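structure for this input, please:
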Amino acid sequence: MREWIMDKRFVAAFLAAQSGPRSGNNDNDPRVQQALAWIQGPIKPPAPATSKPPNHHPSSGPTRSTNHRAIELLAPTTLDPTASLDDLCRYIHSSLTTTTWHIMGHFYLDSSDDGPQLAVFPASHKKQTGKSFVVKLTQCDDELAFADAVDAFQGDKSAFLVDWIDWGPVTLAGVDCFALVMERGQGNCHDQLREIQSDAFLRLRCVDHVTRAVGYLHTNEYVHGDLKLENVVQFGSYKLIDFDNATRMGHTMARRCTKSYCPPELALHLRAGGPPVQASATFDLWCLGVLVLKLFVKNGVLVEFDGLDGDAILDVIAAPGFSFQASLRAADVNGRQRKYLAKCLEPNPAKRATSIHTMLKVVELKANATTTTHLIPHQASCVPCTLPCVWSLSIDHTRRRVPTGDALRLVPCTVRFLAPQSTGCLYAVDGGATATVPADSKAVQLVLPFLRVLRSLVEVVDYLADEGLAVDVLTAFNLAATSFPAWDALDKTVQALESIHSTSVLSLESDLDVWLERMAGPSSSMDEMELQRLHFDVVQAFTKFATAPETHERVADLLNAIGATTQGGSEAVAVVCGLRKGKPAGATDDQWLCATHATTTPVSLLACPKPPHASHHPWPGIWMLDTKQPVPSGWDSHVDRLRTVTFQVRFQCEHHGGCADNATEVDLVGGSDAMQRVLPVLKASAQLLKGLTLASYYELAVGDGFEFDFQHALRHINFVAALEKLHDGVPLPADAALDTMTDRLENEDLEDDQAAEIMDHLRRMFLEHRHSKMLGDAIQTLGLAEEHTPVALNGLYKTTLDDGNVRWVCANHVTIVP
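Numbers count the residues shown, from 1 in each chain. Next up is the predicted model:
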């Protein structure tokens, strides 16, 4: 009869037969007649179960349901008391949507065929009809125990965690279980993923809220244990739900997980006999990193798990050298965001980020943070300095009021700019940071649109401050000034100058004016979310304005005009406001440069320097180490276990482009003399791969047609580190320099141009390495080069480009390398 109860048509016909005359439809279903006969006959249905669930400790809190209630199904049938929770939930879902079950107090479970989860149902309160609730059914009391523990938490739990209203044991349709009544949200992040990904502000807001909620748990010595998109729900703000896996810090984690979010240490425990995992912040930070990564990759699909499911995902995660490199490169994030996200997704928990502050760096609003360096092969050019786009002006008068009209024309004005921060440029070192020009000059006419922008920007920032949203000008707008000039003074200055100058309106001012009109309107009051969105939109608009070519051209025209005014009509001036005019290498025209770039010769990221060992043949520069058979467990801490392991050495195609098998392999035993002789080359490859991988977070590459695969770089790096211990590896001459560069890329909060400068050095070292004698000697050790200048090596082929440079590529790319 259980199968009948699962059938909605049968239940509807059965209830209709009970409530009124039999219809033809009822007669057509023989099950209805059998059920009615069974009910009306001498055999009575089984009584509802009344036994309490095992191992329950009733709470003594004032809102707990301390009485165990036996609840009967409205239909005169109950399930077998041994039925599973899934059976009970399917049974409830199969009932009419008008069916309700009493849960506890004034709460009732409402049957629904579209519940968000199998065991979560809508709930209602007979006296609080204007509020929405849900009830979660479970057969374990883990979350109930956590709900009890939360009472002792410090801080405002309602801001971060779902609000539990009531909880306790219940019996539904004869089946014992636990029920938790909670506030009802507007949907989880998995269901709302498309909407969240389509709105940049909403996405960062979600990351911010979830990260702070995780931090709240960690502050109170708990880890969530199952962070995922489905467990983040919108309640106006984003909160965490589902605490079945919540574990106190230092206690052993349960042997369960959501597979695609599983940290490597737990996957290793579940699939490869690794040690039990202790609850720590690093466990949650991995899961949080996966959650955030899903928010930033298309449709939330991780490249590493494409086409996989079940335990196959855990096997991939548990494999040595696993990383999310491919998904990180595919993610819609900028360089600094990618770097901090990668810290949370470090496979080694000992090296993984330990604090939510690392993830909060991902959402930190910072002007120019989205700027990327674009590489153009075979073209050397100087990237111009970041010219300042925020300009101020003061009228140098002695009157009680600011003069206007003809009285203003010959009054001197002091022009200055607010210098951008952290751009790699150095401003106002010589020539002074200001310039003095007459009010009726062309220079003042050109600075006036920028002054109007500053006036509007100050007004918006002041509004946000008045509404309680503090704006850090230094961080938000990347400016050296920690505060803007006063709005009143700016407004009087703009009005006075407009009495003698006509001016154009810049794009940023138009954007700001739209927001200002809304602020001044009858419905000007904004809630916290609207204020945060306004802040986000203003910073994004400012970034777009600051990096626009049109803005750069306007600033250059302004500097030319200031130079012409101060030099009696000639624009051939050397220094204006600390910026120097000159023609850098690779440029065809004079440009305005900061003190740093005006006194050094910029080197193109793509300009190919002459290798120091030009007489040496260029060899394949990146070598990879791997094994075909599983390596002994614990090899990373017991390196002797690698002594008899057979490794495969292969050369990477220098135009990788997704090669399925881009080279053949050479076998080397871990403890052999041959391995010891080629180990320096393998170490150099490991260091270069690490540096190039970190640089790729900033969307930087070697360029000039070089393209490498970083997906298995971590596996190679770990093997080399272990083999170095086995063979007492000798330091390389470039070790210190490479370590310094990789450390800066990994641990410093670099701007894009600072990362590009490091990439320039990495590229030089890579090109020198390709021509090194050490590399040639290692080729000889492997017995691969019978000729002085071979045309094929280990499955790669020598290809000479039109400009005379050599690339080593696989068979797939021999004919397509430019």
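
neighbours around T543, how many?
20 (other C-beta atoms under 10 Å). In this view, the C-beta of every residue, glycine as well, is placed from N, C-alpha and C.

which stretch of helix or strand covers it?
helix 528-547 (DSSP states H and E).

now tell me what touches that helix from outside.
Contact with helix 528-547 is made by 200-201, 204-205, 236-237, 365-371, 386, 389, 420, 453, 457, 460-461, 464, 467-469, 471, 476-478, 506-508, 511-512, 515, 526, 551, as judged by C-beta atoms under 8 Å, 6 or more residues apart in numbering.

go on, stretch 774-790?
616-617, 619, 621, 649, 666, 674, 677-678, 680-681, 684, 769, 793-794, 798.

can you map out the helices along the stretch 201-350 of the chain?
264-272, 281-296, 311-318, 325-330, 335-344 (DSSP state H, counting those that start in this stretch).

ugh, typo on my part, it should be the stretch 601-750 of the chain
Taking DSSP H, counting those that start in this stretch as the test, the helices found in the stretch 601-750 of the chain are 673-696, 713-727, 735-747.

same question for the stretch 51-200 of the chain.
85-94, 142-150, 193-197, 200-219.

got the CA positions of stretch 134-141 in PDB?
The C-alpha trace of stretch 134-141 is given here as PDB (Å, rounded to 0.1, in the frame of the first residue of the first chain):
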ATOM      1  CA  VAL A 134      10.500  26.200   6.500                       C
ATOM      2  CA  VAL A 135      10.900  23.000   8.400                       C
ATOM      3  CA  LYS A 136      13.800  20.700   7.900                       C
ATOM      4  CA  LEU A 137      13.400  17.000   8.700                       C
ATOM      5  CA  THR A 138      16.400  14.900   9.700                       C
ATOM      6  CA  GLN A 139      17.200  11.600  11.400                       C
ATOM      7  CA  CYS A 140      20.400  12.800  13.100                       C
ATOM      8  CA  ASP A 141      20.600  15.400  15.800                       C
END
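
need the strands for the stretch 351-500 of the chain, in chain order.
391-395, 412-417, 434-438 (DSSP state E, counting those that start in this stretch).

give me the helices and strands touching the longest one, please.
Judged by 3 or more C-beta pairs under 8 Å, 6 or more residues apart in numbering; DSSP states H and E, strand 412-417 is in contact with strand 391-395, strand 434-438, helix 442-466.

and for it, what's in contact with it?
Contacts of strand 412-417 (C-beta under 8 Å, 6+ apart): 388, 390-396, 427, 433-439, 443-444, 447, 562, 577.

angle of it against strand 391-395?
If you take axes from the mean of the first three to the mean of the last three C-alpha atoms, to 10 degrees, strand 412-417 sits at 160 degrees to strand 391-395.

what residues of strand 412-417 count as buried?
C413, V415, R416, F417 (16 or more other C-beta atoms under 10 Å).

kindly report the same for the first one.
By 16+ other C-beta under 10 Å, the buried positions in strand 391-395 come out as W391, S392, L393, I395.

quick revisit: of all the buried residues of strand 412-417, which two lie farthest apart?
Based on C-beta to C-beta, the longest span within the buried residues of strand 412-417 runs between C413 and F417 and measures 13.8 Å.

quick one: low-confidence residue ranges for the stretch 351-500 of the chain.
Residues of the stretch 351-500 of the chain that meet the criterion pLDDT under 70 lie in 365-384, 421-426, 428-432, 472-475, 480-482.

among the helices and strands packed on strand 412-417, which is nearest S158?
Closest among these, once you apply C-beta to C-beta, is helix 442-466, at 25.5 Å.

packing partners for that closest one?
Going by 3+ C-beta pairs under 8 Å, 6+ apart, helix 442-466 lies up against strand 391-395, strand 412-417, strand 434-438, helix 487-497, helix 507-520, helix 528-547, helix 549-566.

export only the CA atoms of the longest one, formatted as CSV.
Output of helix 528-547 as CSV, limited to C-alpha atoms (Å, rounded to 0.1, in the frame of the first residue of the first chain):
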residue,chain,number,x,y,z
GLU,A,528,22.4,49.5,3.4
MET,A,529,22.4,47.4,0.2
GLU,A,530,21.6,50.4,-2.0
LEU,A,531,24.3,52.4,-0.3
GLN,A,532,26.8,49.6,-0.9
ARG,A,533,25.8,49.3,-4.5
LEU,A,534,26.2,53.1,-5.0
HIS,A,535,29.7,52.9,-3.5
PHE,A,536,30.5,50.0,-5.9
ASP,A,537,29.1,51.7,-8.9
VAL,A,538,31.0,54.9,-8.2
VAL,A,539,34.3,53.1,-7.8
GLN,A,540,33.6,51.1,-11.0
ALA,A,541,32.7,54.3,-12.9
PHE,A,542,35.8,56.0,-11.6
THR,A,543,38.0,53.1,-12.7
LYS,A,544,36.5,53.2,-16.2
PHE,A,545,37.1,56.9,-16.4
ALA,A,546,40.7,56.7,-15.0
THR,A,547,41.8,54.1,-17.6
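
give me the angle between it and helix 549-566.
60 degrees.

just the buried residues of helix 528-547, please?
532-543, 545-547.

repeat for stretch 731-738
L732, A734, L738.

quick one: terminal-to-terminal distance for that stretch?
Here the two ends of stretch 731-738 are set 12 Å apart, with distance taken as C-alpha to C-alpha, to the nearest Å.

likewise stretch 779-793?
Termini of stretch 779-793 sit 9 Å apart (C-alpha to C-alpha).

please apply the same query to stretch 762-777.
22 Å.

which parts of that stretch are buried?
Applying 16+ other C-beta under 10 Å to stretch 762-777 flags 762-772, 774-776 as buried.

avg pLDDT for it?
The pLDDT scores in stretch 762-777 average 86.

which residues does the closest residue to D284 other than its chain neighbours form beta bridges with?
Excluding the flanking residues, the one nearest D284 by C-beta to C-beta, 6 or more residues apart in numbering is V223, at 4.7 Å. Beta bridges link V223 to T247, judged by DSSP bridges.

residues of stretch 255-262 that come out buried?
C257, T258, K259, S260, Y261, C262.

does V681 touch W623 like I think?
Yes. Using C-beta atoms under 8 Å, V681 and W623 qualify as a contacting pair, with a distance of 5.9 Å.

coming back round to it: and which of the buried residues of helix 528-547 is nearest to F14?
R533 (52.6 Å).

counting neighbours, what do you get for M624?
23.

would you agree it is in contact with H716?
Yes. Taking C-beta under 8 Å as the definition, M624 is a contact partner of H716 at 5.2 Å.

what sits in contact with each of these two?
With C-beta under 8 Å, 6+ apart as the test, M624 and H716 both reach S685.

residues in contact with R744?
L750, I758.

can you give me the pLDDT of it?
R744 is given a pLDDT of 86.

how much space between it and P733?
From R744 across to P733, the span is 19 Å (C-beta to C-beta, to the nearest Å).
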